[in-house]
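Below: sequence and its predicted model.
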Amino acid sequence: MANKNVMDPLDRAVQNYWHLRAEGYSLSTRDELSDTHDNPYATLLRQWLKPCTPNQKALDIGCGPGFLAIQLAKLGFITTGVDSCESMLEMAQKNARPLNIRFVLADAMNASFENETFDVIASRNLVWNLPDPEAAYRTWFNWLKPGGKLIIFDGNHYRYLTDSNRHDRPHRQTHKYLGDIDIGIMESIAKQLPMTNEDRPDYDQILLKKVGFINIDTIVLSRTSEKIRDFAIICEKNHAD
């Protein structure tokens with residue numbers, strides 16, 4: 001049996017990349033949080049999750065600098081944020097002050113949560129860089145309480161690398177957020193990741209149904225030359241019989 005404490009080389013490459021990106025990504029998050037205009041992610045969370053009842057628990061999985069965790073806490077959830085990158089969690093803790101959010105250093109699939117712990121699990125820009133998305137969806141399904149909701153914000157960020165019919169490269173992050181980091185590092189990693197080769201969110205819907213999620217709804221957030229770029233998915237774990 002493989003030792004879960006021994007990190008796969010691909011996992012390590014992804015983690016190292018996001019360690020380099022932590023400061024710039026946090027700056028982008030702070031700009032989002034300070035923007036007075038309605039944020040589409042925050043707006044959808046409010047629409048999908050209100051009203052929050054006392055003692056409901058939410059998990060921001062792959063929380064990065066903490067954007068979704070902060071939104072969930074503001075909605076009244078007892079919130080936990082998980083990320084495998086320590087530098088990201090340091091940024092998240094700073095960004096979340098003075099909110100009472102628990103941040104945990106752990107892998108998105110191997111964190112030590114009991115089954116049926118959370119009422120809501122949410123992620124943003126995580127699933128595309130997971131080595132085994134189906135296993136992740138299955139794990140999160142188990143962590144949800146019956147009737148709990150899974151919310152995924154993600155996109156076809158590197159589909160252009162493998163699809164000859166897609167010539168449009170995504171908009172580049174500004175130097176303000178990227179600094180001197182070579183985007184080619186992530187492009188090289190993305191070629192090895194399974195979601196890079198799939199048309200999403202259609203493929204996500206297949207996996208989610210296979211795992212057992214119901215009431216799967218998808219919203220397109222942005223397109224590039226008529227191709228879906230960014231999207232949101234909300235689905236539910238079936239209620240106990």
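Good, I have the coordinates.

where's Ile152, which helix or strand?
strand 144-155 (DSSP states H and E).

Flag every buried residue along that strand.
Across strand 144-155, burial judged by 16 or more other Cβ atoms under 10 Å covers Leu144, Lys145, Gly148, Lys149, Leu150, Ile151, Ile152, Phe153, Asp154, Gly155. C-betas here are computed from N, CA, C, even on glycine.

Over to stretch 223-241?
Buried-residue list, stretch 223-241, by 16+ other Cβ under 10 Å: Thr224, Ile228, Arg229, Asp230, Phe231, Ala232, Ile233, Ile234, Cys235, Glu236, Lys237.

Distance-wise, check the closest residue to Arg46 other than its chain neighbours relative to Arg97.
Nearest non-adjacent residue to Arg46, counting by Cβ to Cβ, 6 or more residues apart in numbering: Leu75, 6.8 Å away. Leu75 sits 18 Å away from Arg97, going by Cβ to Cβ, to the nearest Å.

Looking at those two, which is more packed in?
Shown here are Leu75 and Arg97; by other Cβ atoms under 10 Å, Leu75 has more neighbours (19 against 10).

Pull the contacting residues for the more buried one.
Leu45, Arg46, Leu49, Lys50, Cys52, Ala58 (Cβ atoms under 8 Å, 6 or more residues apart in numbering).

Could you pull up phi and psi at it?
phi -80, psi -10 (degrees, to the nearest 10).

cool, and Thr162?
Torsion angles, degrees, to the nearest 10, at Thr162: phi -120, psi -10.

what's around it, how many residues?
12.

quick revisit: distance of the residue nearest to Arg46 relative to Gln56?
9 Å.

same deal with Val82?
Distance from Val82 to Gln56, by Cβ to Cβ: 17 Å.

how about TSV for the buried residues of stretch 223-241, with distance to Ala190 added?
As requested, those are exported to TSV (distance: Cβ to Cβ, whole Å):
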residue	distance to Ala190
Thr224	16
Ile228	17
Arg229	14
Asp230	16
Phe231	17
Ala232	21
Ile233	20
Ile234	25
Cys235	25
Glu236	30
Lys237	30
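
Which single one of those residues is nearest to Asn215?
Closest approach to Asn215 among the buried residues of stretch 223-241 (Cβ to Cβ): Glu236, at 4.7 Å.

Can you tell me the SS state at the closest one?
Under DSSP: H, G, I helix; E, B strand; the rest coil, Glu236 falls in the strand class.

Which helix or strand contains the nearest residue to it once chain neighbours are set aside?
Leaving aside its sequence neighbours, Glu236 sits nearest to Asn215 (Cβ to Cβ, 6+ apart; 4.7 Å). Element membership for Asn215 (DSSP H and E) is strand 213-224.

Would you mind getting the angle between that strand and strand 144-155?
10 degrees (axes from the mean of the first three to the mean of the last three Cα atoms, to 10 degrees).

what does strand 213-224 contact?
In contact with strand 213-224 (Cβ under 8 Å, 6+ apart) are residues 40, 44, 137, 141, 150, 153, 155, 168, 170, 201, 205, 208-209, 228-238.
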